[in-house]
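**Student:** only geometry, no sequence info:
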């Protein structure tokens, strides 16, 4: 199917129903394309479009570019000797960053890999989704199509899937490895609570489909009636990610549940909800709640709380694969913002969250979901030493734990065993990682990418293929303008990965400190 051929209408001329029909037809080719990539035959290729919807943290062009470059771990797939990768960004990628990734490819000549890598930039560094920029530029789309050797052995790899990524797949004439946008409501806060209930997976007490402040107050009263001692509740916007869009309501010191004074007190508390991002205004938040909806649920408490996640994928053949477990590292004003992760998750509850995630994954596959997704949990330690498990979110996209894990997998060629919750390299050694979403400091603005490489080499931080331990960096282009980088530390044990990460963090920040300048002669 070629939507730019003379006998075909242009994408802009198609109605929504026709686009959906053509997308379904195009997706039927994905299974063959997926299978062909594993045969090491000529013509294999993927088009990587790491399009993100910028928010407050990525409001600048540099922030968006850094998020797009976070997907550069995909370059490690060039270890497949016949695979061609077409990697698209808004701004051009510095060649030194490309060389950095190719330098760690095991068993591959970097020049050979570079010849099979085609970098395409839109020339637009604005803070808008990359897919939108591409759809505005038919000449860039034509250049991408010309780089695809065989469309029957090619597919589009996005970061997330919206109607823009779907339309991009149509414009390129290649199937999309991702969930049909029609199914994205399953991944909203409302959709995932409904799904958890449908498959019988435990989740926090609460209610979905909330649209206004009156609805928030109503659910708060219900929660207090069910749990009179409840200290806090959380309001979540349907489209919020990484804790953004969450707000905390303090329920301590209120009139008795069901009393005449309770409604007014609850309204006052709801109006004073504490947003995860302090610069959020109540009016703006309620406007977003009215537009997209949200949920209100209890905040799970305990003497010790953790937030693990399970990563899965549904292949084009309909198989559900349990890929990994992580312990998420959270922070922010109320501990709901994603900061990084440890892999694998603690063995004490890895089996329980994996079992729940498998049930969720099976239902998602039945509904037609495709590609990678993650289920987030909150676990609380019981007095007996065990853990209670509640599912809290479903992310129908790649996320903050995707690139650290796939980097580890591509570097080591190891495998994760869901039964033991262990990741093992072919050598038989366990592998663990600790990763930051981003390390940020004004000090880092004084470093260039080459300066960072110099620090990594001098202090032996760089990932060593012989030992299969060390540090890999990501979001490198943000270092000078934003003072921000990401890093993933790999070790043979949880303790070694943690130690490597902390050591790298200390060294980089120390090296970034301004050096004392020598005094000028005569001063």
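**Tutor:** Happy to help now that I have it. Values in this document were obtained by computation on a predicted structure and should not be read as measured data.
**Student:** roughly how far out does the helix or strand bottoming out on mean pLDDT in the chain sit from the chain middle?
**Tutor:** Lowest on mean pLDDT, DSSP states H and E among the helices and strands of the chain sits helix 30-36, with a mean of 83. Relative to its parent chain, helix 30-36 has a centroid offset of 24 Å by Cα atoms, centre = their mean, to the nearest Å.
**Student:** So which other helices or strands are in contact with the one helix or strand residue 502 maps to?
**Tutor:** Using DSSP states H and E, the element containing residue 502 is helix 494-512. Secondary-structure packing of helix 494-512 (3 or more Cβ pairs under 8 Å, 6 or more residues apart in numbering; DSSP states H and E): strand 337-343, strand 432-436, strand 439-440, helix 449-458, strand 470-474, strand 484-491. (Glycine included, C-beta is placed from N, CA and C.)
**Student:** quick one: contacts of the helix or strand hosting residue 139?
**Tutor:** Using DSSP H and E, residue 139 sits in helix 138-147. Contacts with helix 138-147, where a contact means Cβ atoms under 8 Å, 6 or more residues apart in numbering, come from 4, 45, 47, 84, 86, 88, 118, 120, 122, 134-135, 171-173.
**Student:** Any figure for the gap between the residue most central in space within the chain and residue 474?
**Tutor:** For the chain, the residue sitting closest to the mean C-alpha position, by Cα atoms, centre = their mean, is residue 399 at 1.1 Å. As judged by Cβ to Cβ, to the nearest Å, residue 399 and residue 474 stand 14 Å apart.
**Student:** same thing with residue 327?
**Tutor:** Separation of residue 327 from residue 474 (Cβ to Cβ): 19 Å.
**Student:** Show the pLDDT at residue 280.
**Tutor:** pLDDT, residue 280: 87.
**Student:** Next secondary structure after the top helix by length along the chain?
**Tutor:** In terms of residue count, the longest helix belonging to the chain (DSSP state H) is helix 347-367. Proceeding N to C from helix 347-367, the next assigned helix or strand is strand 371-381, under DSSP H and E.
**Student:** Each with direction, which strands does that following strand pair with?
**Tutor:** Paired strands of strand 371-381, with direction, are strand 305-314 (antiparallel), strand 387-395 (antiparallel) (DSSP bridges).
**Student:** will you turn those into a markdown table that also has mean pLDDT?
**Tutor:** Converted to a markdown table, the strands paired with strand 371-381 look like this (pLDDT from 0 to 100):
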| stretch | mean pLDDT |
| --- | --- |
| strand 305-314 | 94 |
| strand 387-395 | 94 |
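**Student:** will you turn those into TSV that also has mean neighbour count and distance to residue 269?
**Tutor:** As requested, those are arranged in TSV below (neighbours: other Cβ atoms under 10 Å; distance: least, Cβ to Cβ, whole Å):
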stretch	mean neighbour count	distance to residue 269
strand 305-314	22	22
strand 387-395	20	22
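**Student:** Could I get the ones you listed in CSV, plus columns for distance to residue 181?
**Tutor:** Output for those, formatted as CSV (distance: least, Cβ to Cβ, whole Å):
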stretch, distance to residue 181
strand 305-314, 16
strand 387-395, 15
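**Student:** Neighbour count for residue 327 and residue 474, which is higher?
**Tutor:** residue 474 (27 against 22; other Cβ atoms under 10 Å).
**Student:** Bridging across strands, which residues link to the more buried one?
**Tutor:** residue 486.
**Student:** could you measure it against residue 69, distance?
**Tutor:** Computed as Cβ to Cβ, the residue 474 to residue 69 distance reads 7 Å.
**Student:** what's the overlap in contacts for those two?
**Tutor:** Counting by Cβ under 8 Å, 6+ apart, nothing touches both residue 474 and residue 69.
**Student:** returning to what we had before: weed out the non-buried ones from the contacts of helix 138-147.
**Tutor:** Listed as buried from these are 45, 47, 84, 86, 88, 118, 120, 122, 134-135, 171-173; burial here means 16 or more other Cβ atoms under 10 Å.
**Student:** any chance of those in TSV, plus pLDDT and distance to residue 510?
**Tutor:** Formatted as TSV, those follow (pLDDT from 0 to 100; distance: Cβ to Cβ, whole Å):
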residue	pLDDT	distance to residue 510
45	95	43
47	97	41
84	96	41
86	98	39
88	98	37
118	98	39
120	98	38
122	96	38
134	97	41
135	96	45
171	96	48
172	97	46
173	96	51
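**Student:** For those, which two are the farthest from each other?
**Tutor:** Greatest spatial distance among these (Cβ to Cβ): 84 and 135, at 22.7 Å.
**Student:** before we move on, back to that, now the helices and strands packed on helix 494-512 as a markdown table including mean pLDDT and distance to residue 92?
**Tutor:** Converted to a markdown table, the helices and strands packed on helix 494-512 look like this (pLDDT from 0 to 100; distance: least, Cβ to Cβ, whole Å):
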| stretch | mean pLDDT | distance to residue 92 |
| --- | --- | --- |
| strand 337-343 | 87 | 28 |
| strand 432-436 | 95 | 26 |
| strand 439-440 | 90 | 24 |
| helix 449-458 | 96 | 14 |
| strand 470-474 | 95 | 17 |
| strand 484-491 | 95 | 19 |
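**Student:** that older thread, so the residue nearest to the centre of the chain is in which element?
**Tutor:** Here residue 399 sits in a region with no helix or strand, counting by DSSP H and E.
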